[in-house]
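Undergrad: have a look at this fold, sequence not included:
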């Protein structure tokens, strides 16, 4: 069994990340702005996840439903969980009652299934629209030119609540795409559509979270920067 002492490296990683977030906020943003830190837990043992929770992490990001199912009963339940990976419609039933947000909604078909199951379970599911800001064939998400129309369509569902946008910008020239994502976020926010709350811009990972904060991110998703590359497969 893994012991707390096995995860002491997380302390220094977390301290550095929080310092960088605070520095970026002070340099680029308004004094009242806040950025939420998400721990991305793909391939990370639940003991390490729970250690990070004990150090103040209160938001987890899960990529794979099957992996999440294998670990969720062991998690400290004081942390909130979001689905951030590509979600198949036939997997929604497994997570509808155990996560507080689905960040990776990229099709009406998926939205319909989330809406249906949320209604059956007497809840409203918070979601983000995933945007393929770099128009990469290898990534999911709606194209940026279709994002507003898609978000408007999502706003018509009764059992889901649109809370903002999510993206994974290309690693190459990421600052350009972070800037474009921020412009898109502001554009959709300015439209003030019914049932659409542009409260969250989920962009920024280990390699680009400081720049993401520069370009308006309200939530950064950190995996290897917190838990170490050695746990990733």
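TA: Noted; the coordinates are in hand. Being a predicted model, the structure only gives us computed values, none of them experimental.
Undergrad: tell me which other helices or strands the helix of greatest length in the chain touches.
TA: Determined from DSSP state H, the single longest helix within the chain is helix 9-28. With contacts taken as 3 or more CB pairs under 8 Å, 6 or more residues apart in numbering; DSSP states H and E, helix 9-28 sits against strand 36-40, helix 46-54, helix 209-214, helix 224-227. Every residue, glycine included, has its C-beta placed from N, CA and C.
Undergrad: any idea how far that helix is from the middle of the chain?
TA: 18 Å (CA atoms, centre = their mean, to the nearest Å).
Undergrad: likewise stretch 156-171?
TA: Remark: stretch 156-171 is offset 9 Å from the chain centroid, using CA atoms, centre = their mean.
Undergrad: same check on stretch 129-140?
TA: Counting by CA atoms, centre = their mean, stretch 129-140 is centred 14 Å from the centre of its parent chain.
Undergrad: likewise for stretch 161-177?
TA: 11 Å.
Undergrad: likewise for stretch 98-114?
TA: Per CA atoms, centre = their mean, the centroid offset for stretch 98-114 relative to its chain is 12 Å.
Undergrad: what is the mean pLDDT for that stretch?
TA: Across stretch 98-114, the average pLDDT comes to 98.
Undergrad: how about the longest helix of the chain: buried residues?
TA: For helix 9-28, the neighbour count (16 or more other CB atoms under 10 Å) marks 10, 13-14, 17, 20-21, 24-25 as buried.
Undergrad: go on, stretch 51-69?
TA: Those would be 51-53, 57, 59-65, 68, for stretch 51-69 by 16+ other CB under 10 Å.
Undergrad: and the helices in this structure?
TA: Under DSSP H, the chain gives helices at 9-28, 46-54, 65-71, 92-95, 108-120, 147-154, 174-191, 209-214, 224-227.
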